[in-house]
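K.L.:
Predicted structure and sequence below. I'll ask about it afterward.
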Amino acid sequence: MEWEDYPPPVRDEASGCLRWQGPHHTRGYGRLGKRYAHRMAWEREHGPIPEGLTIDHVLDRGCVWRDCVEVAHLEPVPQSVNTARSRRSREQRARTSCPHGHAYSEENTIRKAGGRRECRQCGRIRNARNYRRRKAGRS
């Protein structure tokens, strides 16, 4: 299947995204056969995607739809950059407390590989609970 075999993309006036009108993947990305439409759009405009890079829908350029094929909203980046720019990563970095409500202060935060944070207070509670379980099992 070729690009021209599908209905033309439609501009979303609010975001400026050019929304794919053909088939979609279950995660919301536009599809052309087995390929993603946004990758095909990039290649139509710029040629092959450089080795080791993936195409990012750049939120800072106004891109809010996974089925956007507006080349101005797309950028080839390493997968690590794509992940770091994701809405979920931004939301997690913006959190000021752990899921149990303990503050992510310098004293209460353990920094893990990949920028992940762990709450020291939750770790102490978990360790004490595990200690009590093991001790009860020995009796």
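P.N.:
Yep, it's here.

K.L.:
Only C-alpha atoms from now on, for both contacts and neighbour counts.
P.N.:
OK.

K.L.:
What pLDDT does the model give residue 97?
P.N.:
Residue 97 is assigned 89 on the pLDDT scale.

K.L.:
Tell me the spacing between it and residue 48.
P.N.:
The spacing between residue 97 and residue 48, counted by CA to CA, to the nearest Å, is 43 Å.

K.L.:
Let me see the backbone angles for the most centrally placed residue in the chain.
P.N.:
The centroid of the chain falls nearest to residue 86 when counting by CA atoms, centre = their mean (3.4 Å). The phi/psi pair for residue 86 (degrees, to the nearest 10) reads phi -60, psi 150.

K.L.:
Can you measure across stretch 30-38, start residue to end residue?
P.N.:
Using CA to CA, the end-to-end distance of stretch 30-38 comes out at 7 Å.

K.L.:
What of stretch 44-57?
P.N.:
16 Å.

K.L.:
lowest average confidence, helix or strand, in the chain?
P.N.:
helix 87-94 (a mean of 72; mean pLDDT, DSSP states H and E).

K.L.:
On the C-terminal side of that one, identify the next helix or strand.
P.N.:
Sequence order places strand 109-111 as the next helix or strand after helix 87-94, per DSSP states H and E.

K.L.:
Neighbouring strands - and their directions - for that following strand?
P.N.:
Sheet pairing here is set by DSSP bridges, and for strand 109-111 it gives strand 117-119 (antiparallel).

K.L.:
and the strand it pairs with, average pLDDT?
P.N.:
Rounded mean pLDDT across strand 117-119 is 90.
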